[in-house]
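1. Compute the structure for the input listed below.
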Amino acid sequence: MPKYVFECQTDGCNLKFERSMKMSDDHRSHVCPSCKEVAPGVIEGFAFDFKSGSAATPGNTGVHKDDYPTADHAVGKDADKRWSYYQAREQVKTAARTQGDTPALIRRTGTDYVEYEPMTDVGRDARRKLTKKALGRVQAAKESRGTR
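-> Here you go, the predicted structure:
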């Protein structure tokens, strides 16, 4: 919850105090805890109050990955490692596409590796034929269901 600062204007009191209040609450003034008069709010820098917790359940730290960990974070996987793996793989793909001057790639997967190479014209033609054949089968299956 945000912290709001108030300063009592009553002669002899002049107490400056903070209150954590909801943003929906009226925070223009607050009752002074010392003299019980209405004290106006003071605009100071931005302050924020995080919830405090116990040793067993720590409070909100303000860091999302610590406050709301994903399952990957809980078991020790790190998103940065995963993204660096994807970026490295994308660099290999880009190099293969540049080498073959084609966006189509062939992927070979082994037990401990994955490699990419540019697809030849013959391979692209074979892929197009296979795709056309598969789409024909899907269309035929849709038509046969529609005639029942």
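2. check which helix or strand covers residue 99.
-> Assigned by DSSP states H and E, residue 99 falls within helix 79-100.
3. Which elements pack onto the helix or strand following that helix?
-> As assigned by DSSP H and E, the chain's next helix or strand after helix 79-100 is strand 105-109. If you count contacts as 3 or more CB pairs under 8 Å, 6 or more residues apart in numbering; DSSP states H and E, strand 105-109 packs onto helix 79-100, strand 114-118. The C-beta positions use only the backbone N, C-alpha and C, and glycine is treated the same way.
4. For residue 106, find the nearest of those.
-> Nearest to residue 106, of all these, is strand 114-118, at 5.2 Å by CB to CB.
5. What mean pLDDT does the helix ranked longest in the chain get?
-> When the chain is parsed with DSSP state H, its longest helix is helix 121-146. Helix 121-146 carries an average pLDDT of 92.
6. So which of the helices and strands packed on strand 105-109 is the most surrounded?
-> strand 114-118 (a mean of 14; mean count of other CB atoms under 10 Å).
7. CA atoms only for that one, dumped as CSV, please.
-> The C-alpha trace of strand 114-118 is given here as CSV (Å, rounded to 0.1, in the frame of the first residue of the first chain):
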residue,chain,number,x,y,z
VAL,A,114,20.0,-30.8,-33.1
GLU,A,115,21.4,-29.5,-36.3
TYR,A,116,19.9,-27.6,-39.3
GLU,A,117,20.8,-27.5,-42.9
PRO,A,118,19.2,-25.7,-45.9
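8. Going forward, count from 829.
-> Sure thing, new numbering starts at 829, so read that last one as strand 942-946.
9. Pull up the pairing partners for that strand, direction included.
-> Strand 942-946 pairs in its sheet with strand 933-937 (antiparallel), by DSSP bridges.
10. tilt between the partner strand and helix 949-974?
-> 90 degrees (axes from the mean of the first three to the mean of the last three CA atoms, to 10 degrees).
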